[in-house]
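Trainee: heads up, no residue letters with this:
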């Protein structure tokens, strides 16, 4: 027996070191999947030499003779640094995520496959001009050269995610790039959710005025009265009643919900008459879902021979595409915000009771388009379903947005959406950027931009400033009183789109007298503008704050002043509702601790700074007040609606609502909002103690409101997420310019910052090489790289880097690509 024990000990002493060495060797092997700092490669199809010079921040300065070759260089750099991110994007666009991730993403794939995004991208290749096709093909050439290379000794040819999941990349194609562009429309989709909510609230029996309590229009808008949806759509006249409480709030499409309706942004351009340098200043910070790596990749592109002089583009590119989408050229600088125009309409289609393969049109029954789809599922059985579409667009999965509960039996919901166009020329606008030299060039050249509609500010070196909202805008019949606010009957031609607004008629402005153009997702046109854009504008808090800070300044504007505006964390919405919430506590029975914390809130200056406790307590109080007030009334629709809604709370606390939402449903007792505010303050304090410890003095907003750069898919795997996620304490809130939106409906982590300034750029046209840039994580998507998260601290502190057109001062490495 003793001999056996000794033998086992000897075996362990041998095996453990071997296992440790093997693990270490495996880690070393995967870590060497990073691209070497220097190298060279011969690539078939190049017209000339391409150099990729990386600076100390990992930013590539790519130089080539033509746009096609510089696109190849960018594709090569993207593949070196972001190949896995690009893989997830193109597989998502094709509805093939389950081939990577298994059964967890089947419903997401069903939705994405139903949309036909990749099909539309393939069809749109026919709409590309020769210059754009050359860039798309050059970009694919660069990616595929890196994928197909012979790896260096003792190294993985692919990033760690491929190794861990055991998958291989397919060759990149131009259609994959167009798919990646279309996926940006997915992330900025807005209107469909509001349509579903209005339908749902109607089905709960709410009046139009009560629905406006929950989804208020801007004060400056006066929409026509909403038609009676019950008669219009043939709904059951009996409200859902108790079904609203007992029905399940399905999370089947959580993967889609996580990326849609998440876009906001700030931008502004200031005339040189108002700046210290005498030249215009442009600033931009688009607010998008945080992820690891960042959605953006900084790059400097230089084309030496294709134009009359070398031309530059510097800014953020989208991995998967060959363009600098936001930034500066040789003579211009520009920035985007999401216009959030109503480019989606849901149509209720009536199915033929005698033939379920037909639906009703204004001219009678007609067959659905149909195609059998098979989703391959890693580690599981294939999932097959029939994708259907109507003359309006794809038929949505029955349970999506609860349409199976909300619509009459014998109907389906179909979606018409600009992003699904088969003649999408958006990529052409990216090709034209290198040649643009003036505000006029920019405004004219973006006629090719279809989706998602963006509010674009621009300035040029000649001192001009301008604006254009570029994108395809549906035209609706004047008799259509819905105006895109709720699902429409697909069998009534009145609700069909009447083509699209001409580009020349879209909003634009050049050199306004006051020298300022700013946009922040709220209404961008005056009351006399004749084309309907949307009634679902963002609340105007950020827009008003930008104008207040810039117009209220006595000194000339500088880049540093624009940086301070981007860093502003004052919350106008919370500053407005806080006094009303605190006043309601005056006659309530509070504990000594609750009263003391309320006094701290009263003394707080309404800034969402990460070092303080009060922003966390205030946000938690708002969260619990909304839960205690609205959840019983909204039932299974509550989580779809639930987010911090400033105007909704203002109206409620001011007593300016169509009903008392503070009553207790089913009790017959009219409870006051004062009582609920006292209760919810106690609930908030108790919840924060459970999450962050029993002593409120130990709470900090930044710790709870950490910027959650989540990796796909390892951000949700406990043993891996601490390695792959990029997280940093952050300030800001849902209503601040330095935005930090939370998912209040997520009980697990309601205060994490999931949507924020994904990039910040500031440009003084007097010296564009002084421009500053930052994105949220780092240049590399390889977790072993020193550039995986090195921007996170700078970003959280609202600091930036410079990328001069003269090239890097500190060179990290050079790759040379030559024609084969």
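Mentor: Sure, I can see it. What you see is a predicted model, and the numbers here were worked out from it, not measured in a lab. Residues are numbered from 1 along each chain as shown.
Trainee: From here on, just use CA atoms for contacts and neighbour counts.
Mentor: Fine.
Trainee: Helices along the stretch 51-200 of the chain, start to end?
Mentor: Using DSSP state H, counting those that start in this stretch, the helices of the stretch 51-200 of the chain run over residues 67-93, 98-101, 106-115, 117-124, 130-147, 160-165, 174-187, 191-203.
Trainee: can you list contacts of the second one?
Mentor: Looking back up the chat, that one is helix 98-101. Contacts to helix 98-101, defined as CA atoms under 8 Å, 6 or more residues apart in numbering, come from residues 104-106, 109, 165, 167, 375-378, 713.
Trainee: Out of the residues you listed, which end up buried?
Mentor: Buried by 16 or more other CA atoms under 10 Å: 105-106, 109, 375-378, 713, out of the contacts of helix 98-101.
Trainee: Greatest separation within those: which pair is it?
Mentor: 375 and 713 (18.5 Å; CA to CA).
Trainee: show me the contacts for the closest residue to residue 651 other than its chain neighbours.
Mentor: What sits nearest to residue 651 in space, not counting adjacent residues and going by CA to CA, 6 or more residues apart in numbering, is residue 657, at 6.0 Å. Each residue near residue 657 by CA under 8 Å, 6+ apart is listed here: 210, 213, 651.
Trainee: ok, and the most crowded of those residues?
Mentor: When the contacts of residue 657 are compared by neighbour count (other CA atoms under 10 Å), residue 213 ends up highest, at 20 neighbours.
Trainee: Backbone dihedrals for it, please?
Mentor: According to degrees, to the nearest 10, the main-chain angles of residue 213 amount to phi -60, psi -40.
Trainee: Just the pLDDT at the spatially most central residue of the chain, thanks.
Mentor: Per CA atoms, centre = their mean, the C-alpha nearest to the average position across the chain is that of residue 288, at 3.6 Å. At residue 288, the pLDDT value in this model is 95.
Trainee: Looking at strand pairing, list the partners for it.
Mentor: For residue 288, the beta-bridge partners are residue 756 (DSSP bridges).
Trainee: Does it touch residue 758 like I think?
Mentor: Yes: under the criterion of CA atoms under 8 Å, residue 288 makes contact with residue 758 at 5.7 Å.
Trainee: the strands in the stretch 151-300 of the chain, which residues?
Mentor: Taking DSSP state E, counting those that start in this stretch, the strands of the stretch 151-300 of the chain run over residues 264-270, 281-289, 291-292, 297-303.
Trainee: May I see these arranged in JSON lines, with distance to residue 431 as well?
Mentor: Formatted as JSON lines, these follow (distance: least, CA to CA, whole Å):
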{"stretch": "strand 264-270", "distance to residue 431": "23"}
{"stretch": "strand 281-289", "distance to residue 431": "21"}
{"stretch": "strand 291-292", "distance to residue 431": "27"}
{"stretch": "strand 297-303", "distance to residue 431": "12"}
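Trainee: Residue 461 is nearest to which of the ones you listed?
Mentor: Closest among the strands of the stretch 151-300 of the chain, using CA to CA: strand 281-289, at 10.3 Å.
Trainee: How far does the closest one sit from its chain's centre?
Mentor: 12 Å (CA atoms, centre = their mean, to the nearest Å).
Trainee: Could you do stretch 120-131 as well?
Mentor: On CA atoms, centre = their mean, the centre of stretch 120-131 falls 25 Å from that of its chain.
Trainee: any residues touching that stretch, and which ones?
Mentor: Contacts for stretch 120-131 (CA under 8 Å, 6+ apart): 68, 133, 174-176, 178-179, 182, 420-425, 427-428, 431.
Trainee: Am I right that residue 636 falls within a helix?
Mentor: Yes: counting by DSSP: H, G, I helix; E, B strand; the rest coil, residue 636 is part of a helix.
Trainee: For residue 409, see how far away it is.
Mentor: Distance, residue 636 to residue 409, using CA to CA, to the nearest Å: 19 Å.
Trainee: How much space separates residue 723 from residue 711?
Mentor: 10 Å.
Trainee: These two: which is more packed in?
Mentor: A side-by-side neighbour count of residue 723 and residue 711, using other CA under 10 Å, places residue 711 first with 23 against 13.
Trainee: Bridged to the more buried one, which residues?
Mentor: residue 292.
Trainee: which residues in the stretch 451-600 of the chain form helices?
Mentor: 541-551, 559-566, 572-583, 592-603.
Trainee: closest one to residue 813 among those?
Mentor: helix 559-566 (30.5 Å).
Trainee: Any idea how far apart the tips of stretch 478-495 sit?
Mentor: Start-to-end, stretch 478-495 (CA to CA) is 9 Å.
Trainee: With stretch 418-438 instead?
Mentor: OK, stretch 418-438 end separation, CA to CA: 29 Å.
Trainee: Select, out of the helices of the stretch 51-200 of the chain, the one closest to residue 326.
Mentor: Across the helices of the stretch 51-200 of the chain, closest to residue 326 is helix 174-187 (CA to CA), at 13.7 Å.
Trainee: so how far is the closest one off the chain centroid?
Mentor: That offset, for helix 174-187, works out to 13 Å (CA atoms, centre = their mean).
Trainee: what's the answer for stretch 483-490, then?
Mentor: 25 Å.
Trainee: got the contact list for that stretch?
Mentor: Counting by CA under 8 Å, 6+ apart, 191, 194-196, 198-199, 232-233, 342, 344-350, 360-361, 392, 476, 482, 495-496, 534-535 sit against stretch 483-490.
Trainee: start to end distance for it?
Mentor: Using CA to CA, the two ends of stretch 483-490 sit 14 Å apart.
Trainee: What of stretch 753-770?
Mentor: Across stretch 753-770, first to last residue, CA to CA, it's 30 Å.
Trainee: Give the buried residues for it.
Mentor: 753-766, 768-770.
Trainee: swap in stretch 570-580?
Mentor: Going by 16+ other CA under 10 Å, stretch 570-580 has these buried residues: 570-574, 577-578.
Trainee: What of stretch 402-419?
Mentor: Neighbour count says stretch 402-419 has 402-403, 405-408, 411-419 buried, by 16+ other CA under 10 Å.
Trainee: Stretch 674-692 now?
Mentor: 674, 676-685, 687-688.
Trainee: Tell me where the chain is predicted with low confidence.
Mentor: Within the chain, the ranges that satisfy pLDDT under 70 run 1-29, 245-251, 258-263, 664-670.
Trainee: let's go with 50 and repeat that
Mentor: Scanning the chain for pLDDT under 50 picks out 19-21.
Trainee: ok so, going back, report the two of the buried residues of stretch 402-419 separated the most.
Mentor: Taking CA to CA as the measure, the buried residues of stretch 402-419 reach their widest spread between 408 and 419, a distance of 27.6 Å.
Trainee: Phi and psi next, for residue 358.
Mentor: For residue 358, the backbone dihedrals (degrees, to the nearest 10) come out as phi -120, psi 150.
Trainee: With distance to residue 619 as new columns, can the buried residues of stretch 570-580 be given to me in CSV?
Mentor: Below are the buried residues of stretch 570-580 laid out as CSV (distance: CA to CA, whole Å):
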residue, distance to residue 619
570, 13
571, 11
572, 13
573, 11
574, 9
577, 12
578, 10
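Trainee: Let me see the contact set for residue 674.
Mentor: Counting by CA under 8 Å, 6+ apart, residue 674 has contacts 581, 584-585, 588.
Trainee: same thing but 7 Å
Mentor: 584-585 (CA atoms under 7 Å, 6 or more residues apart in numbering).
Trainee: ok, it to residue 279 distance?
Mentor: Taking CA to CA, one finds residue 674 at 53 Å from residue 279.
Trainee: Also residue 478?
Mentor: Distance from residue 478 to residue 279, by CA to CA: 44 Å.
Trainee: So for the two, which sits in the more crowded spot?
Mentor: residue 279 (24 against 9).
Trainee: tell me the contacts of that one?
Mentor: With CA under 7 Å, 6+ apart, residue 279 has these contacts: 271-272, 463, 764-766.
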